[in-house]
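*Asks:* sequence first, predicted coordinates after that:
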Amino acid sequence: MNILELIIENREVMKLFYGAAITLICLIIVLRTDKLFRLSFHEGIRYFRNAFFFYGLGFFFRYLFELLFPISFSFSAFLFEFFIVMAGFFLLYSLVWKTIEGSQKEVRSSLFNSRIFLFYFMALVITLLDYLWMTFLFMFASQILTFIFSSVISYSNYKNRSSRNTFSKFYFIAMFLTLIIWVLNAVASLLFHWHEGILINVYAVNFIIFLIFLWGVLEVTRRT
């Protein structure tokens with residue numbers, strides 16, 4: 001029996017491990033970036049933190065809550081998609097917040113304000129459309145577009161900075177790698193219909209890229 005067959009035979013255990021590991025990674029990223037935000041009060045870091053808060057919620061409900069508690073697959077999948085789409089929007093907003101908000105300094109919640117409510121509405125519409133049409137097409141399209149824009153903006157920010165610091169470089173790499181994740185997931189779903197062998201490889205790439213996110217955040221926060 002090869003490794004792939006062993007993983008397929010123990011898929012539920014592997015899903016539990018996969019979900020727990022990524023949820024833990026997201027928790028560490030949230031805690032470290034929250035500490036960095038409280039030192040710098042940089043709004044971009046604040047929204048970056050929120051993105052991984054939602055990624056953590058998504059993976060928790062999809063891979064842990066569903067296995068530990070008797071809820072329907074469709075409900076956990078609905079929550080997973082909503083939280084994952086919101087996370088993508090937060091990452092994009094972490095790059096454009098200054099253009100939209102300007103220099104205003106009013107104290108408000110970064111999770112509940114008029115601009116963020118628009119993202120909640122968009123994420124809910126995308127998730128409902130996928131649920132009604134029984135597809136992931138709307139999620140894939142929205143997130144691939146989101147991270148194309150995020151990659152372009154983060155690269156432009158990095159190239160235009162007079163001082164190309166570690167964080168701006170990491171931001172571009174992170175956005176580009178996340179775009180790759182979404183393209184791979186779309187290919188696995190639309191072309192290979194979640195074939196188990198393909199899916200395991202996609203899971204592995206997802207996990208590696210979350211580890212890269214973690215490494216980047218730890219490296220940046222270590223220097224502060």
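*Replies:* Here it is on my side, so go on.
*Asks:* just checking, what packs against the helix or strand in which Thr23 is found?
*Replies:* Following DSSP states H and E, one finds Thr23 within helix 11-40. Packing partners of helix 11-40 (3 or more C-beta pairs under 8 Å, 6 or more residues apart in numbering; DSSP states H and E): helix 43-59, helix 66-68, helix 196-222. Any C-beta I mention is one placed from the backbone N, CA and C, and that applies to glycine too.
*Asks:* mind running it again at 6 Å?
*Replies:* For helix 11-40, the packing partners by 3 or more C-beta pairs under 6 Å, 6 or more residues apart in numbering; DSSP states H and E come out as helix 43-59, helix 196-222.
*Asks:* tell me the most buried of those helices?
*Replies:* helix 43-59 (a mean of 23; mean count of other C-beta atoms under 10 Å).
*Asks:* quick one: it to chain centroid distance?
*Replies:* 7 Å (C-alpha atoms, centre = their mean, to the nearest Å).
*Asks:* and stretch 22-41, average pLDDT?
*Replies:* For stretch 22-41, mean pLDDT is 91.
*Asks:* can you pull the buried residues of it?
*Replies:* Buried residues in stretch 22-41, defined by neighbour count with 16 or more other C-beta atoms under 10 Å: 22-23, 25-26, 28-30, 32-34, 36-37.
*Asks:* low-confidence stretches in this structure?
*Replies:* 1-12, 66-73, 102-107, 161-166, 223-224 (pLDDT under 70).
*Asks:* okay, how far is it across stretch 94-112, tip to tip?
*Replies:* Criterion C-alpha to C-alpha, to the nearest Å; first-to-last residue distance in stretch 94-112 is 15 Å.
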